[in-house]
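**Student:** let's see this in three dimensions:
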Amino acid sequence: MEIRIKDEYIKLGQALKLASLVGSGVEAKFVIEDGSVLVNGEVETRRGKKLRDGDVVSFQGESFTVRSDA
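**Tutor:** Below is the predicted model of the structure:
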């Protein structure tokens with residue numbers, strides 16, 4: 001799956017919501033802080049982590065790639 005963004009980057013919490021893997025920003029905060037989210041194969045605990053074109057996010061067996069139109 002891919003999510004498309006219009007800017008140079010999107011923050012991790014926003015990306016999880018955009019991909020419909022979490023229902024809210026609060027939920028995103030908790031799953032990220034718990035170490036349940038991988039960015040490019042490594043655990044990421046910063047909700048504000050900037051994702052750029054080509055970054056791959058994995059959570060609960062689901063993955064998506066960020067694609068930027070910027």
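**Student:** how far away is residue 36 from residue 9?
**Tutor:** 21 Å (CB to CB, to the nearest Å). To be clear about C-beta, it is placed using only N, CA and C from the backbone, and glycine gets the same treatment.
**Student:** buried set for stretch 23-39?
**Tutor:** For stretch 23-39, burial by neighbour count (16 or more other CB atoms under 10 Å) applies to 28, 31, 32, 37, 39.
**Student:** restricted to helices, list these.
**Tutor:** If you go by DSSP state H, these have 28, 31, 32 in helices.
**Student:** what's the distance between the nearest residue to residue 36 once chain neighbours are set aside and residue 15?
**Tutor:** Once flanking residues are discounted, residue 36 sits nearest to residue 59: 6.2 Å by CB to CB, 6 or more residues apart in numbering. According to CB to CB, residue 59 and residue 15 sit 10 Å apart.
**Student:** more neighbours: which of the two?
**Tutor:** residue 15 (25 against 20; other CB atoms under 10 Å).
**Student:** skipping its backbone neighbours, what lies nearest the more buried one in space?
**Tutor:** Using CB to CB, 6+ apart and skipping residues adjacent in sequence, the residue nearest residue 15 is residue 51, 5.4 Å away.
**Student:** that neighbour - how many residues pack around it?
**Tutor:** Neighbour count for residue 51, taken as other CB under 10 Å: 24.
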